[in-house]
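> sharing a model that was predicted from the sequence below.
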Amino acid sequence: MPTKTDLPPAAISDPFVPDWAGLAALAPSALSAAAGAIVAAPLPAVNTTLVSPAGFDPFDDDGPGSPPRRLTHLRTQPSGELRIDDGRTRLVELDRPAVVSAAQLAALRPYAGVRVPFGAGAGPVELAGLLRQLLVGGVPVLAPDLPLVVRRLLGTELGGLVAGLTKATLADPDRRERWSVAARRAALRSATSAAGVASSPPSVTAVVPPGDRALARDLRRQTWPALTVRVASGAVERRRALESCETELVTLPASGLSYAAEHIEDLVLGRGYGQRPLSGAVVRRTYLPALDVTVRAAGSGAGERPATVLTAATVLGSPADLLRLGVDSLEDASATVDVGDDGYAIHDLGVQRVVRDAAGVEAALRAGGRQLVGTGRVDPGYASYFARTA
């Protein structure tokens, strides 16, 4: 099991009050040096025991005609303390420093995100510390007027993602989830103790079938640095590969599935903050190249929560755990495996089925689901008969 090494920040006894007269008297070079020192100062690590993407709501049930989800607003009280409101309803009240609890994070899940006005917070360090917690939790932060010093405190990647978020992205559930996944990944890398992952990244072995060029290409693109690929043909060789595996973690990607470049990285991070020995995904998306359409299966199965069933070709765990589950004996890329109380399901954006034959395309459309924004469209007359469209 991953261990937690990140701790909540220590309490601040007295609010910081800047000496404006002293700052005004500083020479420009001295003022620039002071600003640089603030930006370079390390912020407290976010405790993923309290704050993590677990429980993120992708708004799967929001279809055509659904009212847009509301935005909450971050407000600064006269005392300098922060709170998050929905109109006149107070959702979250924060002490100083602002430490978000799991219950407060849950209260924000039904909303599209948190709007941050210019000048919020008692200072850039305190505001950046709060935003990092929200972003680790997957909560979208709409801050078009975020001060440059706060963006720098968040870091180049995370600050750029926050600066680029728009209301149009938040209004579309699929685009909102994709933004949240990218932001939470960047925040987990930079703002936490690697989401519970040990200081030295665990090595991962991917056991794959031979001759699949698309799968090999997906694995070459993986962003996880400590990855070894081993080729094994058939159940007997896969079992031998697991029995002789020398890395801490292993996974068995399968032909017929397409994996995003961050798939293994997300599995490792999810295993850490999910606090389960096994991580994986529930594959719900099918890409149909002939139509340039992605269909997401109807029904539940959204990730970022403990799960008892995972798609076998996405499961990441120790070699002993995968042998115990019998993952090596499964041939079907869509097969699922019962993991009991040991599983955590990350988001399903990083893996999808790829169906090229005519019978498979027709079956995918007949199964229903939703055509996702950003891909091609099936003719409405055809889709109205075979599939429910978004």
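That came through fine. Residues are numbered from 1 along each chain as shown.
> just the strands in the stretch 151-300 of the chain please.
Here the stretch 151-300 of the chain has its strands, by DSSP state E, counting those that start in this stretch, at 204-208, 227-231, 249-251, 257-259, 278-280, 285-288, 293-296.
> can you check what pLDDT the model gives the closest residue to residue 214 other than its chain neighbours?
Once flanking residues are discounted, residue 214 sits nearest to residue 258: 6.9 Å by CB to CB, 6 or more residues apart in numbering. C-betas here are computed from N, CA, C, even on glycine. Note for residue 258: predicted pLDDT of 97.
> do I have it right that residue 258 meets residue 287?
Yes - applying CB atoms under 8 Å, one finds residue 258 in contact with residue 287, separated by 6.6 Å.
> identify the residues contacting residue 239.
323, 328-329 (CB atoms under 8 Å, 6 or more residues apart in numbering).
> of these - the most surrounded one?
The most crowded member of the contacts of residue 239 is residue 328, carrying 23 neighbours; neighbours defined as other CB atoms under 10 Å.
> distance check, that residue against residue 206.
13 Å (CB to CB, to the nearest Å).
> what's the overlap in contacts for those two?
Taking CB under 8 Å, 6+ apart as the criterion, residue 328 and residue 206 both touch residue 252.
> low-scoring stretches of the stretch 51-200 of the chain, by residue?
Residues of the stretch 51-200 of the chain meeting the criterion pLDDT under 70: 193-199.
> could you report the neighbour count for the nearest residue to residue 311 once chain neighbours are set aside?
Excluding its sequence neighbours, the residue lying closest to residue 311 (CB to CB, 6+ apart) is residue 283, at 4.4 Å. The local packing of residue 283 (other CB under 10 Å) involves 22 other residues.
> same deal with the one 10 residues further on?
The tally of other residues near residue 293 (other CB under 10 Å) stands at 21.
> these two touch, right, residue 140 and residue 176?
Yes - using CB under 8 Å, residue 140 is in contact with residue 176, at 6.2 Å.
> settle it for me: which of those two has more neighbours?
The neighbour comparison of residue 140 against residue 176 (other CB under 10 Å) goes to residue 140, with 25 against 21.
> flag every buried residue along the longest strand seen in the chain.
Counting by DSSP state E, the longest strand found in the chain is strand 336-345. Neighbour counts using 16 or more other CB atoms under 10 Å place 336-337, 339, 342-345 of strand 336-345 among the buried residues.
> with stretch 201-214 instead?
Quick answer for stretch 201-214 (16+ other CB under 10 Å): 202-209, 212.
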